[in-house]
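>>> sequence first, predicted coordinates after that:
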Amino acid sequence: MSTAPNVTVIPAKVQTAESRSKYHQLRVAAYCRVSTAQEEQQNSYQVQIAYYTDLINRKKEWTLAGIFADEGISGTQTKKRTEFNRMIRMCRNKKIDLVITKSISRFARNTVDCLEYVRQLKDLGIGVIFEKENINTLTMTSEFMIALYGSFAQAESESISKNVSWGKEKAYREGKVQFQYKYLLGYQKGEDGKPEIVPEEAETVRLIYTLFLDGYSMSRIKKLLENKGILTSQGNKVWNESLIRSILKNEKYVGDALLQKTYTLDCITHKVVKNYGERPMYLVTDHHEPIIDRDTYNRVQQELARRSSKRKVSDKTITEQGKYSSKYALTELLICGKCGTPYRRTTWTSREKKLIVWRCISRLEHGRRYCPDSPTIKEEQLHKAIVRAINNYYCGNDVEKILKANISNVLECHGQEEIAAIEKRLKEIDKARNDLISLIATGGCDEDKLDSEFEKLYEEEQSLSERLAMLKSKNQTSAETQAKLDKIIDMIEHEKFELETFDNVLIRKLIECVKVLNKAEILVIFKGGYEVREEIE
């Protein structure tokens with residue numbers, strides 16, 4: 001007969017901070033966070049070191065494992081709190097047994113983060129003591145109190161965030177502008193606190209605007225700036241296209257400031273998003289000295305819109321968005337007179353000889369099905385024809401007459417009829433006054449009545465004189481302006497304009513469109529609508 005084995009049950013012991021304290025000192029870490037200058041003065045890092053060092057040393061069962069402090073950082077997120085994260089890593093590496101902190105709001109202002117890290121540390125057998133709330137996470141059976149205090153801390157952060165947003169909104173309404181000079185090329189903070197132009201950087205901004213209007217793409221501008229060794233606002237030698245685009249779109253270069261272009265989504269994630277109309281925006285015009293004149297800025301915005309709105313011209317393109325070409329001006333300007341499709345530059349190779357031609361894209365991709373009559377034009381002949389058209393246009397008498405007429409319109413005084421009428425009336429008033437004086441001399445009228453007439457004439461004369469001065473001031477041309485206009489007229493009469501070679505930049509500035517009418521003729525349409533037919537030799 002077998003006997004039952006004698007089994008003694010030894011109960012398991014959970015190794016917690018409390019149980020470990022019986023055998024050795026607890027390694028205690030203190031965490032503190034200072035988020036404002038005022039708190040930093042009242043409860044500085046040094047003061048907290050002294051406080052927690054004294055607190056931990058007074059207990060024989062505790063030893064200092066370190067003091068961790070994040071200064072000037074919000075408690076709504078943990079990813080930027082380097083000291084907090086270092087403390088958590090030490091806890092996971094079993095180098096800390098207990099964490100002590102002033103309050104739940106110092107530990108985290110985000111309820112989710114607070115509970116998550118408390119649970120993680122509790123699973124590791126590490127407790128967190130919140131002094132203000134008198135909570136030890138290892139001795140609590142419920143997370144309700146932590147969640148409650150954590151939600152209070154989060155609500156406080158949300159309230160502060162709303163107050164900050166309201167303050168910013170009020171500043172926007174009052175037109176108060178804050179500049180990020182670190183990222184703003186061309187400006188620095190002046191002695192009076194207002195933006196001050198940096199001449200060298202301003203030249204870079206003007207160069208970018210000029211190159212863009214000359215037809216350069218973002219990538220070509222980037223390469224040119226880097227080749228010239230020009231630095232960005234942060235002193236980098238490498239540019240990127242998004243930076244160049246932001247400079248071209250930045251209204252600050254024209255002297256304006258658009259406020260609240262971005263906003264913070266919430267106080268927990270601190271995510272900054274672009275304002276597409278969810279919040280009001282505020283435009284402060286003529287706020288500071290501009291680097292770019294308003295006309296140039298407006299033309300750049302129009303060109304940006306034109307390039308971004310281009311649609312595909314080839315059926316082989318996957319997306320509907322067209323691509324701007326900066327290398328060849330005719331890619332943007334040359335179109336088929338038969339079907340209206342743009343032409344494309346193509347290289348033909350025959351017997352190791354290359355020939356550059358331009359062909360209708362519809363004809364190129366679909367043959368004669370959509371465009372049976374469009375001709376193929378040799379590039380060299382096409383360039384010569386366009387150059388001749390420009391020379392004929394600018395050397396012709398018609399253009400000279402148009403320019404002179406426009407200058408005459410500038411000099412022409414508006415309101416001449418009113419000026420003549422006022423001058424005539426002033427002469428009549430002067431004559432009437434002399435007649436009244438003659439009557440007084442002969443003594444043939446009532447002097448009181450004459451005084452009343454004199455007063456009426458004087459008031460009318462004063463009113464008309466002020467009106468006349470205002471009209472003449474509006475129509476007066478300064479000596480400097482007149483000299484410039486005289487110089488232009490003299491240049492038109494004596495200077496001979498003649499283009500010798502095809503220039504992509506000049507072509508973009510002068511020509512609106514070039515239509516290929518047939519194999520022997522093109523129609524060049526200049527900006528302003530003037531058209532010139534030219535034969536292709």
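The structure has been received and is ready for your questions.
>>> and residue 94, how close does it get to residue 64?
According to C-beta to C-beta, to the nearest Å, residue 94 and residue 64 sit 17 Å apart. All C-beta atoms are positioned from the backbone trio N, CA, C, and that covers glycine.
>>> show me which of those two is the more surrounded one.
A direct count of neighbours by other C-beta atoms under 10 Å for residue 94 and residue 64 places residue 64 higher, at 16 against 11.
>>> host element of residue 258?
Here residue 258, judged by DSSP states H and E, is contained in strand 257-259.
>>> can you check residue 91 too?
With DSSP H and E as the test, residue 91 turns up in helix 82-92.
>>> bridged to residue 195, which residues?
Beta-bridge pairing for residue 195 (DSSP bridges): residue 189.
>>> state the pLDDT value of it.
The model reports residue 195 with a pLDDT of 87.
>>> so what's it up against?
179, 181, 187-189, 252, 288-289 (C-beta atoms under 8 Å, 6 or more residues apart in numbering).
>>> and the furthest pair within those?
Spatial extent of the contacts of residue 195 (C-beta to C-beta) is set by the pair 181 and 289 at 14.6 Å.
>>> partner strands of the next helix or strand after the helix holding residue 91, with direction?
Sequence order places strand 98-101 as the next helix or strand after helix 82-92, per DSSP H and E. Note on strand 98-101: by DSSP bridges, its sheet partners are strand 26-34 (parallel), strand 127-130 (parallel).
>>> a strand runs through residue 343, doesn't it?
Yes. Membership of residue 343 in a strand is supported by DSSP: H, G, I helix; E, B strand; the rest coil.
>>> give the buried residues for stretch 420-435.
Going by neighbour count (16 or more other C-beta atoms under 10 Å), the buried part of stretch 420-435 is 422, 429, 432.
>>> need the residues that contact that stretch.
Contacts for stretch 420-435 (C-beta under 8 Å, 6+ apart): 454, 457, 460-461, 464-465, 467-468, 471.
>>> tell me the one among these nearest to residue 328.
Nearest to residue 328, judged by C-beta to C-beta, of these is residue 471 at 52.2 Å.
>>> buried ones in whichever strand or helix holds that closest one?
Using DSSP H and E, residue 471 sits in helix 447-475. Buried residues in helix 447-475, counting neighbours by 16+ other C-beta under 10 Å, are found at 457, 461, 464, 468, 471.
>>> okay, now stretch 102-115: how far is its last residue from its first?
16 Å (C-alpha to C-alpha, to the nearest Å).
>>> kindly report the same for stretch 333-351.
End-to-end distance for stretch 333-351: 31 Å, by C-alpha to C-alpha.
>>> hey, C-alpha coordinates of the strand or helix carrying residue 210 in PDB?
Element membership for residue 210, per DSSP H and E: helix 199-213. This file holds the C-alpha atoms of helix 199-213, laid out as PDB (Å, rounded to 0.1, in the frame of the first residue of the first chain):
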ATOM      1  CA  PRO A 199      20.800  94.200 -48.500                       C
ATOM      2  CA  GLU A 200      22.700  91.100 -49.600                       C
ATOM      3  CA  GLU A 201      19.800  88.700 -48.700                       C
ATOM      4  CA  ALA A 202      17.300  91.100 -50.400                       C
ATOM      5  CA  GLU A 203      19.300  90.800 -53.600                       C
ATOM      6  CA  THR A 204      18.900  87.000 -53.400                       C
ATOM      7  CA  VAL A 205      15.100  87.400 -53.000                       C
ATOM      8  CA  ARG A 206      15.000  89.800 -56.000                       C
ATOM      9  CA  LEU A 207      17.100  87.300 -58.000                       C
ATOM     10  CA  ILE A 208      14.700  84.500 -57.300                       C
ATOM     11  CA  TYR A 209      11.700  86.600 -58.400                       C
ATOM     12  CA  THR A 210      13.500  87.700 -61.600                       C
ATOM     13  CA  LEU A 211      14.500  84.200 -62.500                       C
ATOM     14  CA  PHE A 212      11.000  82.900 -62.000                       C
ATOM     15  CA  LEU A 213       9.500  85.500 -64.200                       C
END
